[in-house]
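J.: Next one to model:
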Amino acid sequence: MWARILVHIYLVFGVIIFTLPAIISSPVSGRALGFGVTFRVVENSGICETTHGVQTVSGYMQFNNSNYVRRSLGSHLSRSRYHLGRLTDVLLGQFFWFFSNRQDLQVGAVAPTVLWFNGGPGCSSMKGLFQGMDEFLTPPLAPPFLSCYPATESGPCKVNSDKKSTTLNPNSWNKYTNVLYIDQPIGTGFSHGTETANNDASSAVIIWALYQAFLEAFPQYKYRRLILATDGYGAHYALEFVKYSKQQNERILSGAITAEYVFIGGLMLNNGWIDPAVQYLNYPGFAAHPSGYNPMVTESVVTKATSYLLKDGGCMDQIAACNAAGSSNKVCSNAYKYCNEHVYVPCAGDRDPNDIRSKKPDPLPESWYINYLQQKQVQEAIGAEVEYSECNSDLFDKFTESGDYMRTQLPQLGDLANSNLTDILLWYGDADYTNNWLSGLTIALGMEWWGKTELADSPFHNVTISTNGIGLVGEVVSVGRFSLL
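T.: Presented below is the predicted three-dimensional model:
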């Protein structure tokens, strides 16, 4: 199947009629922006991406919390879920790393921009940059430009075994797209500050601010199609960002605020954490019969976990209570603790939850990139201001305490599919337990949208790669602008 097939498919997501330059060379470090935001960045650091003419920008978006909230959120201040913390002069340092696309240099095309978020919550997007995805990636959009390449990382380089040097990745995502990797929430990766998001909605506010500020600082990347690409819990970030961007677009059109209209043309969710009810419901069944692999645990473990899942007041009832109107964060955080203890952990057994073929912890993929990013000379070159850490367990705890980990984003996904304005791809590896393919299939078939019946009646088609003797790598089904792999 497709769990660890080291293949990425790349494409151009269409050509926009505007013709804009791909490169700027003027310094932007310290540039103050319209809503209390300042960039502290390094351009063209020579780290990772060394292709001549490709622009790289790395560093921080720093904004004054109270100033940004008052001037940019306006009426949203009254909504507690969008509250960013104390309304005091707290500076947040949001780290990002941008790579312009290589194809612009060759054909003058105006490439789309991809925003990449890793999940966790609390894991750095540098993980996606250097380790990428281990599954087969196929686009929801068709040719004209479609190519296949072996790679494990989505970024422009791979870290060598000496953990101190890199080799250029000719098959980077930025071969055809601009890619913006964001370490968020604050406290993730290289991002730092005394305040942080503790729920999806406040995270969406900060991401929207960063993207707006980036477009103001680098206007040649305006009017590009925006594609959100995520891993794991990043699906929650992306779907909340879609909702918040829609609200802000309405305010832009009404004249309430002045900002760039954000057109989200693509959504790509890798092993996405979307609907906790579906995902916990499928853990026992997946553990008992993981397609193509041996059972993860004994039948008695599965039976006991199923009992805790379905009994009155059990896991499913608690998740339902969490997602009921007016539920408290405490109800949701209690649901997480109960379901994790009695369903998720027992069904995982001694398997690595990200790759059930290995006992935990899985030694693959290699984490050489962490050593690379911890080098002082690398951090100085890219403008990093703190030590690097891959994942922040404190942030994970904040999100579970806020309850958002157990709240569903399935209605938002259905609304987006129903709009038929955005190309959507859900893709899953067959050896992932936490965000397994069985849950992905259940989510796709249960989503309320115009194509629901047609999707249920549509057959899957084999996806094969003819080069390098790879062969069959997965199955895909598509209806309209929605695809499941």
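
J.: was I right about Ser45 contacting Val54?
T.: No - if you go by CB atoms under 8 Å, Ser45 and Val54 don't touch, sitting 11.6 Å apart. In this view, the C-beta of every residue, glycine as well, is placed from N, C-alpha and C.

J.: For the stretch 351-485 of the chain, which segments count as strands?
T.: Ranges of strands within the stretch 351-485 of the chain are 351-352, 355-359, 423-427, 461-465, 471-479, 482-484, based on DSSP state E, counting those that start in this stretch.

J.: what's the answer for the stretch 101-250 of the chain, then?
T.: Taking DSSP E, counting those that start in this stretch as the criterion, the stretch 101-250 of the chain carries its strands at 113-117, 146-150, 157-159, 166-168, 178-182, 192-193, 226-231.

J.: Quick one: list the elements packing against the shortest one.
T.: Packing contacts for strand 192-193, counted by 3 or more CB pairs under 8 Å, 6 or more residues apart in numbering; DSSP states H and E, involve strand 91-99.

J.: Can you list the buried residues in the strand it packs on?
T.: In terms of neighbour count (16 or more other CB atoms under 10 Å), strand 91-99 has its buried residues at 92-99.

J.: closest to Ala381 among the residues you listed?
T.: Minimum distance to Ala381 across the buried residues of strand 91-99 is 11.6 Å, recorded for Trp97 (CB to CB).

J.: Can you classify the nearest residue to that closest one once chain neighbours are set aside as helix, strand or coil?
T.: Leaving aside its chain neighbours, Trp97 sits nearest to Ser58 (4.4 Å; criterion: CB to CB, 6 or more residues apart in numbering). Secondary structure, DSSP: H, G, I helix; E, B strand; the rest coil: Ser58 is strand.

J.: Surely Ser58 touches Val42?
T.: Yes - in this structure, Ser58 is within contact of Val42 by CB under 8 Å, at 5.5 Å.

J.: shaky segments in this structure?
T.: Filtered on pLDDT under 70, the chain yields the residue ranges 1-37, 63-91, 105-109, 132-153, 195, 361-365, 465-472.

J.: just to revisit the earlier point, the more surrounded of Ser58 and Val42?
T.: Neighbours were counted for Ser58 and for Val42 using other CB atoms under 10 Å; Ser58 has more, 23 against 20.

J.: In contact with that one, which residues?
T.: Ser58 sits next to 41-42, 45, 47, 95-98, 382-384 when contact means CB atoms under 8 Å, 6 or more residues apart in numbering.

J.: same deal with Gly155?
T.: Residues near Gly155 by CB under 8 Å, 6+ apart: 48-49, 99, 128-130, 132, 169, 172-174, 179, 181.

J.: May I see those arranged in a markdown table, with distance to Phe241 as well?
T.: Output for these, formatted as a markdown table (distance: CB to CB, whole Å):
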| residue | distance to Phe241 |
| --- | --- |
| Cys48 | 25 |
| Glu49 | 25 |
| Phe99 | 20 |
| Gly128 | 16 |
| Leu129 | 19 |
| Phe130 | 23 |
| Gly132 | 21 |
| Asn169 | 27 |
| Ser172 | 23 |
| Trp173 | 19 |
| Asn174 | 21 |
| Val179 | 16 |
| Tyr181 | 15 |
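
J.: wait, which of the residues you listed is closest to Arg225?
T.: Nearest member of those to Arg225, counting by CB to CB, is Val179, at 13.2 Å.

J.: quick revisit: so which of the strands of the stretch 351-485 of the chain gets nearest Ala201?
T.: Closest to Ala201 of those is strand 423-427 (CB to CB; 21.1 Å).

J.: by contact count, what packs against the closest one?
T.: Other elements packing on strand 423-427 under the criterion 3+ CB pairs under 8 Å, 6+ apart are strand 264-270, helix 410-419, helix 437-446, strand 482-484.

J.: Next, format those as a markdown table and append distance to Leu226 and mean neighbour count.
T.: Shown next, in a markdown table, are the helices and strands packed on strand 423-427 (distance: least, CB to CB, whole Å; neighbours: other CB atoms under 10 Å):
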| stretch | distance to Leu226 | mean neighbour count |
| --- | --- | --- |
| strand 264-270 | 5 | 24 |
| helix 410-419 | 13 | 19 |
| helix 437-446 | 23 | 21 |
| strand 482-484 | 18 | 24 |
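
J.: if I pick Ala325, what's in contact with it?
T.: Not one residue lies near Ala325 by CB under 8 Å, 6+ apart.

J.: same thing with Asn101?
T.: Taking CB under 8 Å, 6+ apart, we find Asn101 in contact with 22, 54, 111, 174-179.

J.: now these as a markdown table including distance to Ala444?
T.: Formatted as a markdown table, these follow (distance: CB to CB, whole Å):
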| residue | distance to Ala444 |
| --- | --- |
| Ala22 | 36 |
| Val54 | 36 |
| Ala111 | 29 |
| Asn174 | 29 |
| Lys175 | 29 |
| Tyr176 | 26 |
| Thr177 | 25 |
| Asn178 | 29 |
| Val179 | 26 |
